[in-house]
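A.B. asks: Give the three-dimensional model of this entry:
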Amino acid sequence: MQVHSKFLASGFLALSLLTGAALAGEAATPPTDPGEPWGPGKHHYNIQERLNQLHQELKLNADQETAWKTWFDRVQQARAEHKASRPDFEALRKLSAPERLEKFIEASKARQATLEGVLAATKTFYATLSPEQRKTFDDLTPFGERAPAWRRGGPHHGGGQ
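C.D. replies: Residues are numbered from 1 along each chain as shown. Below you'll find the model as predicted:
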């Protein structure tokens, strides 16, 4: 029963955050200049820089470079899909609450499918890495030891460690 109540509480929290973002409209939209920080703590996080750092520190051999390219392309595709799937806040405002929830659920399912594709590509790439490279990959990807922007809940999260 406790698991169900935690799940429901998480669901209601997510719903309230999504609804709040939908109602905030333009205020929740990041600036168009990628160099301009935004969000509560005004932190800037550049995924491209992090991927370049990861690539450099992995010191891949020629065979691994092909696997890296496949994985990198899948990550970039997922980023593009995520960016393209951003909701139209004006359209959401015009929907009823149940219709908005249906849209949120559809978006969640699409995001899960995208992440499952990234997971499959990650597993394939990860299998080509040596134990030392795996440690580097683990450390530099989100929530890893050397991924400080993610250690506190996300790149724009101001919480403590």
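A.B. asks: Give me the phi and psi for residue 54.
C.D. replies: Residue 54 has phi and psi values of phi -60, psi -50 when expressed as degrees, to the nearest 10.
A.B. asks: Show the contacting residues for residue 74.
C.D. replies: Residue 74 makes contact with 117-118, 121, according to C-beta atoms under 8 Å, 6 or more residues apart in numbering. Every C-beta, even on glycine, is put in place using the N, C-alpha and C of the backbone.
A.B. asks: ok, those vs residue 58, which is closest?
C.D. replies: Residue 58 lies nearest to residue 121 out of the contacts of residue 74, by C-beta to C-beta, at 15.3 Å.
A.B. asks: Could you check how many residues crowd around the closest one?
C.D. replies: By other C-beta atoms under 10 Å, the residues close to residue 121 number 19.
A.B. asks: What about the contacts of residue 74, which are in helices?
C.D. replies: Judged by DSSP state H, helices contain the following of the contacts of residue 74: 117-118, 121.
A.B. asks: Closest one to residue 144 out of those residues, please.
C.D. replies: Nearest to residue 144 among the ones in helices among the contacts of residue 74 is residue 118, at 15.9 Å by C-beta to C-beta.
A.B. asks: hang on, that closest one packs against residue 72?
C.D. replies: No. Counting by C-beta atoms under 8 Å, residue 118 stays clear of residue 72, with 10.9 Å between them.
A.B. asks: Where does pLDDT dip in this protein?
C.D. replies: Applying pLDDT under 70 to the chain flags the ranges 1-45, 147-161.
A.B. asks: mind listing the helices for it?
C.D. replies: Counting by DSSP H, the chain has helices at residues 2-24, 47-58, 62-84, 89-93, 97-127, 131-140.
A.B. asks: Any buried residues in the fourth one, and which?
C.D. replies: Taking 16 or more other C-beta atoms under 10 Å as the neighbour-count basis, helix 89-93 is seen to contain the buried residues 89, 92.
A.B. asks: Then the third one?
C.D. replies: Within helix 62-84, the residues that qualify as buried are 64, 67-68, 71-72, 74-75, 78, counting by 16+ other C-beta under 10 Å.
A.B. asks: can I get those residues in TSV with distance to residue 56?
C.D. replies: Listed next are the buried residues of helix 62-84 as TSV, based on distance: C-beta to C-beta, whole Å:
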residue	distance to residue 56
64	13
67	16
68	11
71	15
72	13
74	20
75	16
78	22
